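In: here is a sequence with its predicted model. Questions after.
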Amino acid sequence: MAREKKRRSNGRRSPLAAAALIGAGLMITGAVYAGTTAAFAATDTQTAATSTLTVEDGEKLFTANCATCHGLDLQGTANGPSLYGVGELAVEFQMSTGRMPLQMQGPQAPQKEPQFTEEQILAISSFVQAEAPGPTFPDEHVLDGGGDVANGA
Ligand code: HEC
């Protein structure tokens, strides 16, 4: 008698227990996932904020992302012009407007979402500037609006 009663009560409890177990499982999975994502996001921001990329980093980025078209020594290929003398400003412009790296050949490089962070862009700009100098970023006194329109500068 006692045994039968026990078995019956077990049978009654199990569907609820299963539901509770699944619920708990989902909640734990969700919490762990949210925690991990937040941790990764935090790590990302930290790296971006604290790391300063060097000209060598810029060279690596250039070799990996630009050299197929512009050549390992910026000499140009059949797919892209030489970058001798274009300067850091041109690289910053082309990359921060998402035009470079070019995805498809066409009459004019289309504007896209930038593919690189500002830090990476500046690293590549410094590398190009160091390899084959060209026009630099404008000086403060040009940007502050204090120049003379008639005389220039
Ligand atoms: C798929 C080939 C390709 C790739 C990859 C590519 N480029 Fe270009 N790039 C071109 C072509 C073609 C032009 C000329 C486009 C135009 O004039 O509209 C160009 C133009 C440029 C210019 C302007 C040159 C000038 O005379 O003002 C710069 C700067 C530049 N690219 C930098 C880069 C950098 C930096 C990368 C890597 C992040 C890169 N490109 C990746 C093909 C490419």
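Out: On my side now, so go ahead.
In: spell out which residues of this structure are next to the ligand.
Out: 65-66, 68-70, 79-81, 83, 86, 90-91, 94-95, 100-102, 108-109, 124 (CB under 6 Å from any ligand atom). The way it works is simple: take the backbone N, C-alpha and C, and place the C-beta from them, glycine included.
In: buried subset of these as a PyMOL selection?
Out: To isolate the buried members of the residues of the chain next to the ligand in PyMOL, using 16 or more other CB atoms under 10 Å:
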select buried, resi 65+66+69+70+80+83+86+90+91+94+95+100+101+102+109+124
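In: right, and the helix or strand after the helix or strand residue 88 falls within?
Out: Secondary structure from DSSP states H and E places residue 88 in helix 87-96. Counting by DSSP H and E, the element after helix 87-96 in chain order, helix or strand, is helix 118-131.
In: buried set for that following helix?
Out: Those buried within helix 118-131 under the rule 16+ other CB under 10 Å are 119-129.
In: what is it packed up against?
Out: Counting by 3 or more CB pairs under 8 Å, 6 or more residues apart in numbering; DSSP states H and E, the packing neighbours recorded for helix 118-131 are helix 55-65, helix 87-96.
In: got the contact list for residue 118?
Out: Listed by CB atoms under 8 Å, 6 or more residues apart in numbering, the contact set of residue 118 reads residue 96.
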